[in-house]
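Asks: Provided below are the primary sequence and the corresponding predicted coordinates.
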Amino acid sequence: METATIDRAFLARPGLEVAPDLLGSVLRHTTPEGTVAVRLTEVEAYQGADDPGSHAFRGRTPRNDVMFGPAGHLYVYFTYGMHFCANVVCDVDGTATAVLLRAGEVIEGPALAASRRLSARTAREYARGPARLTSALGLGRPDNGADLCVADSPTQLLPGPPVDGGRVRTGPRVGVSGAGGDGVAFPWRFWLDGEPTVSPYRPHVPKRRK
DNA sequence: AAAACGATACACT
DNA sequence: GTGTATCGTTTTT
């Protein structure tokens, strides 16, 4: 008895519209080792050409190619020399908007998640942060481009338990400076208030020059 | 050179 | 138990 995935048409809108609606939904990944599922508690919208913080800002490249494709696929990228982060690609084919999956609660496969997250001090840290989330789920380079809207696929986006709309909060994105340093904060981060798995807010601090 | 970050060590409650 | 400053590592521009 499998649950239907989230409909692709639901995701074929600008990431900024999709992002708050994605809170509470579930990303599930199955590998030979087993299945881990995460209920999303924190996300961030990235718009395409108009968004200096977006990987798509400078046009299509081999790295961000998936972002320009149709909605409902996973954009996985490698960063900081050691981490992977995952986005749900939104909007119509040719338009690159996406939602970064920042944090969630592991609701299936906690033992497997724990084995992938040996440094986690508590269960709430399994997917508390964008690269921790991909690690707990076992997502990496091979999953870039995976279709999330196909039943029985090893990588699926599923409806979650109902969310109280009153718990949705919004604020500035994390780790992204304002538009070219002009100080404008983009309130495109969304989270569920009161969730212990939401990553701590860390204002953007320019790294010290070496 | 900077980047859509995490592990660690240590401070505090 | 929870918070936070410092620094590692490599892709991309």
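Replies: That came through, no problem. Numbering: from 1, shown residues only, chains lettered A, B, ... in the order given.

Asks: Name all residues that make contact with the closest residue to A:Met67 other than its chain neighbours.
Replies: Excluding its sequence neighbours, the residue lying closest to A:Met67 (Cβ to Cβ, 6 or more residues apart in numbering) is A:Ala96, at 4.1 Å. Heads up, the C-betas are built off the backbone N, CA and C, glycines and all. By Cβ atoms under 8 Å, 6 or more residues apart in numbering, the residues touching A:Ala96 are A:Gly48, A:Ala49, A:Ser54, A:Ala56, A:Arg60, A:Asn64, A:Met67, A:Phe68, A:Val89.

Asks: show me what contacts A:Ala98?
Replies: Counting by Cβ under 8 Å, 6+ apart, A:Ala98 has contacts A:Gly15, A:Ala45, A:Tyr46, A:Ser54, A:Ala56, A:Met67, A:Tyr75, A:Asn87, A:Val88, A:Val89, A:Cys90.

Asks: In this structure the fourth one contacts A:Gln47, no?
Replies: Read that as A:Ser54. Yes - contact status for A:Ser54 versus A:Gln47: in contact at 6.1 Å, counting by Cβ atoms under 8 Å.

Asks: ok, back up a step: ok, the residue nearest to A:Met67 to DNA strand B distance?
Replies: 8 Å (Cβ to the nearest atom of the strand, to the nearest Å).

Asks: okay, that residue: pLDDT?
Replies: On pLDDT, A:Ala96 comes in at 96.

Asks: Okay, helices next: where are they in chain A?
Replies: A:8-11, A:15-22, A:110-116, A:130-137 (DSSP state H).

Asks: Redo those as JSON lines? Include mean neighbour count and mean pLDDT.
Replies: Formatted as JSON lines, the helices of chain A follow (neighbours: other Cβ atoms under 10 Å; pLDDT from 0 to 100):
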{"stretch": "helix A:8-11", "mean neighbour count": "17", "mean pLDDT": "98"}
{"stretch": "helix A:15-22", "mean neighbour count": "22", "mean pLDDT": "96"}
{"stretch": "helix A:110-116", "mean neighbour count": "16", "mean pLDDT": "97"}
{"stretch": "helix A:130-137", "mean neighbour count": "25", "mean pLDDT": "98"}
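
Asks: picking up where we left off before, shared neighbours of A:Ser54 and A:Gln47, anything?
Replies: With Cβ under 8 Å, 6+ apart as the test, A:Ser54 and A:Gln47 both reach A:Thr97.
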